[in-house]
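S.K.: Predicted model and sequence below, questions to follow.
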Amino acid sequence: MLDFISIPLVVGICVAGTYGLFELFARRKERLAIIEKIGEKLDASAFGEKNRLSGLFPKFSFSALKAGCLLSGAGLGLLIGFCLHIALLNMNLYTDDDGWRFRNLAEMAYGASVLFFGGVGLITAFVIELKMGKKKEGER
């Protein structure tokens, strides 16, 4: 049915992959050159406990917290979607012989609940990150 798009799609993917590969190597060379230039100007005293570079590099990242909250929210969304699916199944919402409307309602319940609870998980991670950031500032 969509055979006309397969050739341009494959060519586009190949071109984008080749461009990305060349870009990756070019960036690597640029970064190495920058590191060499910076390395000549720094001495051992720059790596002390308190210096002007210490604020640029955070001690830890919240990526694990964000991923955990997102995945737990998506899992909770799947569970709630399953419960809605069972509830809709018990309501006998069949309109056609093949249950077309019921399948659409079940798909909507799964999709909406996964997106909603995934978003709630990310908001939860953001709130926790803010509280921990304020707590860190209070310790300083």
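M.R.: The structure has been received and is ready for your questions. Residues are numbered from 1 along each chain as shown.
S.K.: Find the nearest non-adjacent residue to residue 128, please.
M.R.: residue 65 (6.3 Å; Cβ to Cβ, 6 or more residues apart in numbering). C-beta: built from backbone N, CA, C; applies to glycine.
S.K.: give me every residue that touches that neighbour.
M.R.: 125, 128, 129 (Cβ atoms under 8 Å, 6 or more residues apart in numbering).
S.K.: Spell out which helix or strand contains it, please.
M.R.: Here residue 65 sits within helix 63-90, counting by DSSP states H and E.
S.K.: Would you mind listing the buried residues in that helix?
M.R.: Burial within helix 63-90, assessed by neighbour count using 16 or more other Cβ atoms under 10 Å, is assigned to 65-66, 69-70, 72-74, 76-77, 80-81, 84-85, 88.
S.K.: re the thing from before, can you tell me how far the residue nearest to residue 128 sits from residue 38?
M.R.: 31 Å (Cβ to Cβ, to the nearest Å).
S.K.: other SSEs contacting the helix or strand containing residue 38?
M.R.: In the assignment (DSSP H and E), residue 38 maps to helix 6-41. On a contact count with 3 or more Cβ pairs under 8 Å, 6 or more residues apart in numbering; DSSP states H and E, helix 6-41 meets no helix or strand.
S.K.: Show the average pLDDT along that helix.
M.R.: Mean pLDDT, helix 6-41: 86.
S.K.: do the same with stretch 82-91
M.R.: Here the average pLDDT along stretch 82-91 is 78.
S.K.: Distance from that stretch to the middle of the chain?
M.R.: 30 Å (Cα atoms, centre = their mean, to the nearest Å).
S.K.: before we move on, what about stretch 70-88?
M.R.: 20 Å.
S.K.: Same question for stretch 126-138.
M.R.: Using Cα atoms, centre = their mean, the offset of stretch 126-138 from its chain centre is 21 Å.
S.K.: May I see the buried residues of the longest helix seen in the chain?
M.R.: Ranked by residue count, the top helix of the chain under DSSP state H comes out as helix 100-139. Using 16+ other Cβ under 10 Å as the test for burial, helix 100-139 gives 102, 105-106, 109-110, 113-114, 117-118, 120-121, 124-125.
S.K.: Now that we have these, can you turn them into TSV and tack on distance to residue 25 and pLDDT?
M.R.: Formatted as TSV, the buried residues of helix 100-139 follow (distance: Cβ to Cβ, whole Å; pLDDT from 0 to 100):
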residue	distance to residue 25	pLDDT
102	53	67
105	51	73
106	48	74
109	47	79
110	42	83
113	44	87
114	38	88
117	41	90
118	36	88
120	41	90
121	37	88
124	40	89
125	35	87
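S.K.: Please consider this matter closed, and thank you.
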